[in-house]
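J.: No sequence on hand, only this structure:
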């Protein structure tokens with residue numbers, strides 16, 4: 001990966017930190033548990049982040065109780081839980097769309113952009129989908145393979161935008177004071193991340209090492225370091241004409257990823273990976289991607305499946321690192337997928353080691 005023009009944002013995005021943290025908490029989407037090898041190794045480093053999060057939640061969750069009407073904006077649906085899309089409010093705060101005194105015309109534009117981004121993420125198609133009104137959104141939802149409750153929720157959020165968006169902005173304005181009050185707990189960690197990320201070569205090298213995300217030709221990347229989503233990366237287009245990509249990057253995502261590679265494969269990791277591979281459709285997708293890079297619609301056409309179904313399978317493979325994603329602004333804003341050879345090599349070695357251990361056990365038994 002080679003970055004042409006690079007801009008680093010050096011202040012926290014308070015709105016995004018707040019909303020993302022509440023969404024993850026209500027949806028129980030913690031990336032690491034306190035018992036995992038990674039969390040144990042980084043217990044000292046993550047101590048301040050955990051303390052900060054605890055203080056923030058103690059302060060903001062009681063405030064959220066005063067806004068029961070907007071709670072639905074923070075509750076994740078099935079398609080969001082398996083990482084096919086981010087909740088609309090998360091996307092809007094990532095892009096800093098909300099502000100005090102929004103007019104109805106502004107809210108129309110903001111919500112349309114939000115539902116369109118959501119629809120594109122769910123379907124995996126980033127160039128074909130155009131949603132300009134509620135009717136087109138309903139047509140999209142008709143063909144979406146998910147529960148009716150999810151579809152009704154999305155329609156409700158769009159229909160009630162004039163109430164929900166101002167109320168969400170009011171809640172955020174009241175709550176970010178809590179984040180700012182306790183910010184000194186993690187200020188040092190954030191500033192250290194800024195120092196590291198200011199080195200463009202550091203970012204290029206670590207994105208390459210991640211293996212599961214690549215960038216096609218883009219003119220500019222804008223990076224927003226994130227404190228509470230410390231182990232997450234989210235990529236979005238900010239300007240299609242200028243080929244500008246934005247990335248929300250957790251302050252510890254690279255360190256945790258590098259440590260993860262050093263940790264021996266646990267039984268839970270092996271079972272999770274085998275589950276991802278143990279499906280006929282996903283094996284077909286892997287074979288297809290071993291020949292060339294493909295985007296969601298191509299795969300769907302070959303398999304005779306809907307793009308949403310393919311997207312679901314792809315995301316399961318992405319979570320285990322068996323495929324990687326290429327963000328290509330130049331080629332009609334498409335996202336391409338391909339095999340991650342390094343991951344298959346890693347698993348090949350792991351399976352080989354299991355065989356060696358089994359053979360060694362057999363020989364010991366024969367000798368007794």
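T.: Good, I have the coordinates. Since this is a predicted model, take the numbers as computed values, not measurements.
J.: use CA for all of it now, contacts and neighbours both
T.: Will do.
J.: So for stretch 314-325, first residue to last residue, what's the gap.
T.: Taking CA to CA, to the nearest Å, stretch 314-325 runs 10 Å from one end to the other.
J.: name the element residue 10 belongs to?
T.: Under the criterion DSSP states H and E, no helix or strand holds residue 10.
J.: Look up phi and psi at residue 67.
T.: The phi/psi pair for residue 67 (degrees, to the nearest 10) reads phi -120, psi 60.
J.: Where does pLDDT dip in the stretch 251-368 of the chain?
T.: 258-268, 327-334, 357-368 (pLDDT under 70).
J.: can you map out the helices along it?
T.: Using DSSP state H, counting those that start in this stretch, the helices found in the stretch 251-368 of the chain span residues 253-262, 267-277, 280-289, 296-303, 307-319, 341-366.
J.: most tightly surrounded among those?
T.: helix 307-319 (a mean of 21; mean count of other CA atoms under 10 Å).
J.: Please identify which of the helices of the stretch 251-368 of the chain is closest to residue 89.
T.: Of all the helices of the stretch 251-368 of the chain, helix 307-319 sits nearest to residue 89, with 21.1 Å by CA to CA.
J.: Report the angle between the closest one and helix 280-289.
T.: Inter-element angle recorded for helix 307-319 and helix 280-289: 80 degrees (by axes from the mean of the first three to the mean of the last three CA atoms, to 10 degrees).
J.: Packing partners of the host helix or strand of residue 140?
T.: Assigned by DSSP H and E, residue 140 belongs to helix 134-142. With contacts defined as 3 or more CA pairs under 8 Å, 6 or more residues apart in numbering; DSSP states H and E, helix 134-142 has these neighbours: helix 148-159.
J.: could you redo the last one with a cut-off of 6 Å?
T.: With contacts defined as 3 or more CA pairs under 6 Å, 6 or more residues apart in numbering; DSSP states H and E, helix 134-142 has no packing partner among the helices and strands.
J.: Quick one: mean pLDDT over that helix.
T.: Mean per-residue pLDDT for helix 134-142: 86.
J.: can you give me the angle it makes with helix 148-159?
T.: Using the same axes, to 10 degrees: helix 134-142 against helix 148-159 is 160 degrees.
J.: quick one: helix 134-142 to chain centroid distance?
T.: 24 Å (CA atoms, centre = their mean, to the nearest Å).
J.: could you measure residue 236 against residue 248, distance?
T.: 9 Å.
J.: Could you check which of those two is surrounded by more residues?
T.: More neighbours surround residue 248 than the other of residue 236 and residue 248, with 21 against 17 (other CA atoms under 10 Å).
J.: Just list whatever residues bridge to the more buried one.
T.: Residue 248 has these beta-bridge partners by DSSP bridges: residue 224, residue 234.
J.: my read: it touches residue 227, true?
T.: No: with contacts counted by CA atoms under 6 Å, residue 248 stays clear of residue 227, the gap being 10.1 Å.
J.: can you list the helices of the stretch 251-368 of the chain in JSON lines and add distance to residue 145?
T.: Shown next, in JSON lines, are these (distance: least, CA to CA, whole Å):
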{"stretch": "helix 253-262", "distance to residue 145": "32"}
{"stretch": "helix 267-277", "distance to residue 145": "20"}
{"stretch": "helix 280-289", "distance to residue 145": "16"}
{"stretch": "helix 296-303", "distance to residue 145": "14"}
{"stretch": "helix 307-319", "distance to residue 145": "7"}
{"stretch": "helix 341-366", "distance to residue 145": "30"}
